[in-house]
Each structure stands twice: as structure tokens, then as C-alpha cells.
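Asks: Okay, predicted coordinates and the sequence, questions at the end:
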Amino acid sequence: MPSKGAEHIAGGIETLPEMIERYLVGFDDTNRAAQAPALPNHAIWTLGHLALYHHRAADRISGLTDFGPLPETDFVMGDAASGDSSRFDSESVCFASTVSPDAALFPTLARGVEIHRSAVARLCDTVRTVGDELFTRQVRWGAVGTTTPASALAMRMVFHVGTHTGQIADLRRALGFPRIMG
């Protein structure tokens, strides 16, 4: 019998694409890398960043002590200058990366959405597969190597998307886009 708790968490994670994609209205391939003063992240960087960390969280939740390989169809392991119209460079979207305004270094917006959705699906599948162990397995996360329950890491990914969705809402405002809510 599947774990009800893991299923609830996976169900919440499944809503993440809908949450962020509603704020991508008005972005397209001409402005996907648009930035605004004091707002360093742009829409396409955000999709790649979230996808990268969904994969990394799935690695940890599944029990890996080191990160596994990223899908070669979605990511290039490079030097932060080798992404293209179909793949993110993992170094260009990682924590503390310098966000480049060069749209040519990032996938198209549609491809970025597809990559993000795929990473969310992998994270959901991992949570479901781990099942009840999600609540007892301790995983290492973060630069200082602290441990946390796998269930907390899964929930952290929900809040991570919420944080970056808020940044896109700020970016929309700064770029003069219409409001999404209210």
C-alpha cells in the first residue's frame, strides 16, 4: 500500500509547475532573460535553477550521498557559459551563480518550462518511491552538510518554488507587466 504521507507531499509538489507558470504570462523568447535593477534573477534562470535543485533534492531523498548525473537532454555540465536553446548549463543556474543577461546561454522559454516540469515529475516519483522512509531517512543538504528529514527536504522544494515565484512577481512589476493576482 502506498504511503499516504508521501502521496500528500508528492501531490503538493505536483502543483508547482502551475504555481510558477501562471507568473510567466507575458514572458517569451525575446524577454525570458530580461532583468531589472536590484532584481538579479530572470525568468529563464529561475526555471533552470529550480529544475536543478529538484533533481538534487530527488538525489538526496532517494538515498544518494553524492549527487547523481543530471539528464543530458536538459543540462550541460560546464563552465556557466555553455547552455544553449535546449539545455541549461548547471553552473549558470546553481546557487550563488552570476545570472547572465545573455539569453543565448539559456533554453527557449518553452523548453525551460518543459525541463522544469520534468524535474518536478522526477521529484514526485522519488517521493512516492521512497514512501514511508521519507519520514525516517535523514539526508544531507546545504553547504554546511547539515542533515534533515527527507520529508522536510521535499517540503523545502515547495517553499523554494514559492520564493522564486515571488521574485518573478517582483520582476513582472519592475518590467511593467500586468498583475497576475488582484
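Replies: Happy to help now that I have it.

Asks: Could you point out which residue ranges in this structure have low pLDDT?
Replies: Residues of the chain meeting the criterion pLDDT under 70: 1-2, 80-81.

Asks: What segments of it are strands?
Replies: For the chain, the strands defined by DSSP state E occupy 75-76, 88-89, 138-141, 146-149.

Asks: Could you report the neighbour count for residue 89?
Replies: 22 (other C-beta atoms under 10 Å). (C-beta placed from N, C-alpha, C; glycine too.)

Asks: what residues are up against it?
Replies: Counting by C-beta atoms under 8 Å, 6 or more residues apart in numbering, residue 89 touches 75, 76, 77, 78, 79, 80, 81, 82, 83, 105.

Asks: and the fifth one, what is it in contact with?
Replies: In this structure, residue 79 makes contact with 89, 91, judged by C-beta under 8 Å, 6+ apart.

Asks: now it: how far from residue 90?
Replies: Using C-beta to C-beta, to the nearest Å, residue 79 is found at 10 Å from residue 90.

Asks: re earlier: looking at the contacts of residue 89, which one is closest to residue 112?
Replies: residue 83 (10.2 Å; C-beta to C-beta).

Asks: In this structure that closest one contacts residue 94, no?
Replies: No - using C-beta atoms under 8 Å as the test, residue 83 is too far from residue 94 to be in contact (11.9 Å).

Asks: Compare these two (neighbour count), which wins?
Replies: Under the neighbour definition other C-beta under 10 Å, residue 83 and residue 94 were set side by side, and residue 83 has more, 25 against 15.

Asks: quick one, what contacts that one?
Replies: By C-beta under 8 Å, 6+ apart, residue 83 lies in contact with 48, 76, 89, 92, 105, 106, 107.

Asks: The first one contacts residue 106, correct?
Replies: It refers to residue 48. Yes - Residue 48 is within contact range of residue 106, at 6.7 Å (criterion: C-beta under 8 Å).

Asks: Looking at these two, which is more packed in?
Replies: Counting neighbours by other C-beta under 10 Å for residue 48 and for residue 106 shows that residue 106 has the greater number, 29 against 26.

Asks: and the residue nearest to the more buried one when sequence neighbours are not counted, what is it in contact with?
Replies: Counting by C-beta to C-beta, 6 or more residues apart in numbering, the nearest residue to residue 106 once its immediate chain neighbours are dropped is residue 44, at 4.4 Å. Listed by C-beta under 8 Å, 6+ apart, the contact partners of residue 44 are 32, 33, 103, 106, 107, 109, 112.
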